[in-house]
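Student: here is my input; please provide its structure:
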Amino acid sequence: MNKVFVDTNLFLRYLTNDIPEKASLLETLLKQAESGQLKLIINSLVIAEIVWTLQSFYKFPKKKIDETVSSIVASHLFAIPERDILLQSLEDFNILNIDFIDAYIGNWMKNQGIHQIYTLNQKDFRRIPGINTCPLKYK
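Tutor: Just a heads-up that it's a prediction; the model follows:
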């Protein structure tokens, strides 16, 4: 089986249909993966880029981003390292109303057994259960 990496732009064309002639390209790959011809690979950076673009450029609401991107991450058609971390991060992004990247960092930390963080972004990290922010003193 041929392993192939799927870049962010294919997902964005498919999800937004902003360039209709390119929107179906992902569907073709999905059919090939279903039939066992291809193994589709994506990683955390692709997911982060999808979330960021849907939120900042296309102005999708967080709930819609969570639902849409979670369906991609949960799909058996994609091999995705850190799938569980990504799914929890998408949920935290939506429910805790925090930045996706901060949610990902916090969930990655917990997965690694790290529960304290030095950050200037106390607001988001304080919302993540199991993460403690360390105080910093300014000079």
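Student: secondary structure element for the residue most central in space within the chain?
Tutor: Centrality entry for the chain: nearest residue to the mean C-alpha point is I47, 3.4 Å, by Cα atoms, centre = their mean. Following DSSP states H and E, the helix or strand that holds I47 is helix 44-56.
Student: where along the protein do the strands fall?
Tutor: Using DSSP state E, the strands of the chain run over 2-5, 38-41, 78-79, 116-118, 132-134.
Student: contacts for the third one, please.
Tutor: Yep, that's strand 78-79 we're talking about. The contact list for strand 78-79 (Cβ atoms under 8 Å, 6 or more residues apart in numbering) reads K3, V6, A33, K39, L40, I41, I42, I72. Just so you know, the C-beta spots here come from the backbone N, C-alpha and C atoms, and that holds for glycine as well.
Student: can you redo the strands of the chain as CSV with distance to F100, mean pLDDT and mean neighbour count?
Tutor: Converted to CSV, the strands of the chain look like this (distance: least, Cβ to Cβ, whole Å; pLDDT from 0 to 100; neighbours: other Cβ atoms under 10 Å):
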stretch, distance to F100, mean pLDDT, mean neighbour count
strand 2-5, 21, 96, 10
strand 38-41, 20, 96, 16
strand 78-79, 18, 97, 16
strand 116-118, 16, 96, 13
strand 132-134, 18, 93, 12
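Student: between those strands, which one is closest to T68.
Tutor: Evaluated over the strands of the chain, closeness to T68 peaks at strand 78-79, with 14.0 Å, by Cβ to Cβ.
Student: show me how far that closest one is from its chain's centre.
Tutor: Relative to its parent chain, strand 78-79 has a centroid offset of 13 Å by Cα atoms, centre = their mean, to the nearest Å.
Student: please name every helix or strand in contact with the helix holding I47.
Tutor: helix 8-16, helix 62-74, helix 83-95, helix 100-111 (3 or more Cβ pairs under 8 Å, 6 or more residues apart in numbering; DSSP states H and E).
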